[in-house]
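K.L.:
Provide a 3D model corresponding to the input given below.
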Amino acid sequence: MISKKLAIEVLNEMLATGGDYAEIFYENSNSSTVTVENNKVSSSSTSVSCGVGLRILKENRSVYGYTSDLTKKGLMDLAKSLNKSFNSERILTVTSLTKIKGKNRNVINKSYDDIPLEEKIALVKEGTNEIESIKDPRIVRYIGNFGNNHRRVAIYNSKGKWFSRETEFARIVYQVIVADENGMETGFEGPGCQMDISFFKNKINVRKTARKAAETALMMLTAKECPSGKMPVVIGNGWGGVLFHEACGHPLEASAVSKGLSCFAGKEGEMIASPIVTAVDDSTIDNEWGSIDIDDEGNPGEKRVLIKNGKLVNFMIDDFNGRRMNRKGNGACRRQNYKYCPTSRMSNTYIDNGKSTPEEIIKATKLGLYAVSFAGGSVDPTTGEFNFGCSEAYIIRDGKVCEPVKGATLIGRGEEILKKIDMVANDLAFGQGMCGAASGSIRTNVGQPTLRISEITVGGRGGELK
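P.N.:
Below you'll find the predicted structure:
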């Protein structure tokens, strides 16, 4: 930690040349990972990171720098280097700092720092043993990984406030690679949380998680090529939410909206989605993967309703980009670590429950695609144009889920598919992932109930859907 006395000195040095806001971001974190490959421990590592990021704002200008030298000289030298970007008279002086307390939504009963490595290895091997027990020669490689991070942060700013938070999070990942004369497929499962190790022992079933990764890969190995064309697509709950995250979530971040680089810029108050669609970014859900009590500018985490009954009502806003929008930050500012300048980012982003059931949606679809999960894709936030590959998908015929297909790609524009969602189920679930953007790679939950898009372009090499 940095003393308040030193923080005040550094803040005032940062403001010496006319900056209207200054911020110190201190971080001390330690992490560990263990990897089991083909049921043998292949690697184990720990790392420690400690440093400070300094940011100065003046109107719509921002400068940022970081250092691992936490001495007074190191911090003051960085502050002097940054304030050279401005050449006005001082307009602000910090005389004191008052601590602001946030709510701890992610209580850890036993720190991962106190869990022996052997216990983590045994946990991972529960899953790899399950994969090995399948004894299928098409399984050529399987990997289990357990990683955890303990992060301590303090933020001091020129508003005369300082904040601190402490978080721990962990994730277990299973990746299974299968191959035969038909080619190669990969299965992946990776649940995570901001809870202690009891989550992995009691809340989820590690064996079932690992087996699902293997069975999905084996099934897709023998699947036929997906047909192509425009068709109804049912998207599964949980990890299916990555489509909304990428195609619609990023264009709703202030980093794009404030510069007019979003397809949703200037559309607040307009109907941008079907009336049955409500979309939320909520960083206040206890123990969830993307939750935060205080964001990386020191603002409390919030539940942000972005789309309400089809109408665009809000964005994810950080203080700096909010200046261009004449809006205050709403607790959506995040960064990977002290080496990154913060900006508006998602936390737990999802489409909320509707009134249908998954069974009703499938039954109401005569012929189409059922996309359970995605393997990745790309999106242009300016236009909302996207393409996503499906890692698990099936054909729906006469209201029933039938044969699996591979090679399916969904192609479209975010603002178009929002309006074509015509059924939303009541089975909301989340999937944990890492989101990369300007401020680094951060924890984000994607989520949604099962839903149907009435028509979307599907790419595939299986000919016309019949």
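
K.L.:
Not counting sequence-adjacent ones, nearest residue to residue 363?
P.N.:
Closest residue in space to residue 363, ignoring its immediate chain neighbours: residue 399 at 4.1 Å, by Cβ to Cβ, 6 or more residues apart in numbering. For glycine as for every other residue, the C-beta is placed from the backbone atoms N, C-alpha and C.

K.L.:
Quick check: that neighbour touching residue 370?
P.N.:
No: Residue 399 is not in contact with residue 370 according to Cβ atoms under 8 Å; the separation is 11.2 Å.

K.L.:
circling back: the residue nearest to residue 363: neighbour count?
P.N.:
14 (other Cβ atoms under 10 Å).

K.L.:
List the buried residues for stretch 136-151?
P.N.:
For stretch 136-151, the neighbour count (16 or more other Cβ atoms under 10 Å) marks 138, 139, 142, 143, 144, 145, 146, 147, 148, 149, 150, 151 as buried.

K.L.:
Please identify which of the residues you listed is nearest to residue 265.
P.N.:
Taking Cβ to Cβ as the measure, residue 265 lies nearest residue 151 of these, at 33.0 Å.

K.L.:
which helices and strands does the helix or strand where that closest one lies pack with?
P.N.:
Per DSSP states H and E, residue 151 falls inside strand 139-157. Contact here means 3 or more Cβ pairs under 8 Å, 6 or more residues apart in numbering; DSSP states H and E; on that basis strand 139-157 packs against helix 4-14, strand 21-37, helix 117-134, strand 161-180, helix 206-221.

K.L.:
quick one: strands adjacent to it?
P.N.:
Using DSSP bridges, the strands paired with strand 139-157 in its sheet are strand 21-37 (antiparallel), strand 161-180 (antiparallel).

K.L.:
What ranges does this structure have for its helices?
P.N.:
4-14, 72-83, 117-134, 198, 206-221, 242-244, 254-257, 319-325, 358-363, 414-419 (DSSP state H).

K.L.:
still on that earlier bit, ok, which of the strands paired with strand 139-157 comes nearest residue 211?
P.N.:
That would be strand 161-180 among these, by Cβ to Cβ, at 8.9 Å.

K.L.:
between the closest one and helix 4-14, how many degrees?
P.N.:
Taking axes from the mean of the first three to the mean of the last three Cα atoms, to 10 degrees, one finds that strand 161-180 is oriented at 90 degrees with respect to helix 4-14.

K.L.:
And strand 161-180, what's buried?
P.N.:
Buried, per 16+ other Cβ under 10 Å, within strand 161-180: 162-165, 167-179.

K.L.:
Tell me what angle that strand forms with helix 117-134.
P.N.:
Interaxial angle, strand 161-180 versus helix 117-134 (the same axes, to 10 degrees): 30 degrees.

K.L.:
CA atoms only: put strand 161-180 into PDB for me.
P.N.:
Presented in PDB, the C-alpha positions along strand 161-180 are these (Å, rounded to 0.1, in the frame of the first residue of the first chain):
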ATOM      1  CA  LYS A 161     -11.100  10.100  -1.800                       C
ATOM      2  CA  TRP A 162      -9.400   6.700  -1.600                       C
ATOM      3  CA  PHE A 163     -10.800   3.200  -1.900                       C
ATOM      4  CA  SER A 164      -9.500  -0.300  -1.400                       C
ATOM      5  CA  ARG A 165     -10.700  -3.800  -2.300                       C
ATOM      6  CA  GLU A 166      -9.500  -7.400  -2.100                       C
ATOM      7  CA  THR A 167     -10.700 -10.100  -4.400                       C
ATOM      8  CA  GLU A 168      -9.900 -13.800  -5.100                       C
ATOM      9  CA  PHE A 169     -11.100 -15.800  -8.100                       C
ATOM     10  CA  ALA A 170     -10.400 -19.200  -9.500                       C
ATOM     11  CA  ARG A 171     -11.300 -21.300 -12.600                       C
ATOM     12  CA  ILE A 172     -11.000 -24.900 -13.600                       C
ATOM     13  CA  VAL A 173     -10.700 -25.700 -17.300                       C
ATOM     14  CA  TYR A 174     -10.800 -28.900 -19.300                       C
ATOM     15  CA  GLN A 175      -9.900 -29.100 -22.900                       C
ATOM     16  CA  VAL A 176     -10.200 -32.400 -24.800                       C
ATOM     17  CA  ILE A 177      -8.800 -32.900 -28.300                       C
ATOM     18  CA  VAL A 178     -10.100 -35.800 -30.400                       C
ATOM     19  CA  ALA A 179      -9.100 -37.000 -33.900                       C
ATOM     20  CA  ASP A 180      -9.700 -39.700 -36.500                       C
END
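
K.L.:
Just the angle for it relative to helix 206-221, thanks.
P.N.:
50 degrees.

K.L.:
Could you pull up the mean pLDDT of strand 161-180?
P.N.:
Summarised as a single mean, pLDDT over strand 161-180 is 96.

K.L.:
Could you check how far residue 123 is from residue 212?
P.N.:
Distance of residue 123 to residue 212, given as Cβ to Cβ, to the nearest Å: 17 Å.

K.L.:
Correction: the previous question concerned residue 61.
P.N.:
In terms of Cβ to Cβ, residue 61 sits 49 Å off from residue 212.

K.L.:
what does residue 438 give?
P.N.:
Taking Cβ to Cβ, one finds residue 438 at 34 Å from residue 212.

K.L.:
What of residue 253?
P.N.:
32 Å.

K.L.:
which one of these two has more residues nearby?
P.N.:
In terms of neighbours (other Cβ under 10 Å), residue 253 is the more surrounded of residue 253 and residue 212; the figures are 25 against 18.

K.L.:
Which residue is the nearest non-sequential neighbour of the more buried one?
P.N.:
Residue 253 sits nearest to residue 344 (Cβ to Cβ, 6+ apart), 4.4 Å away.
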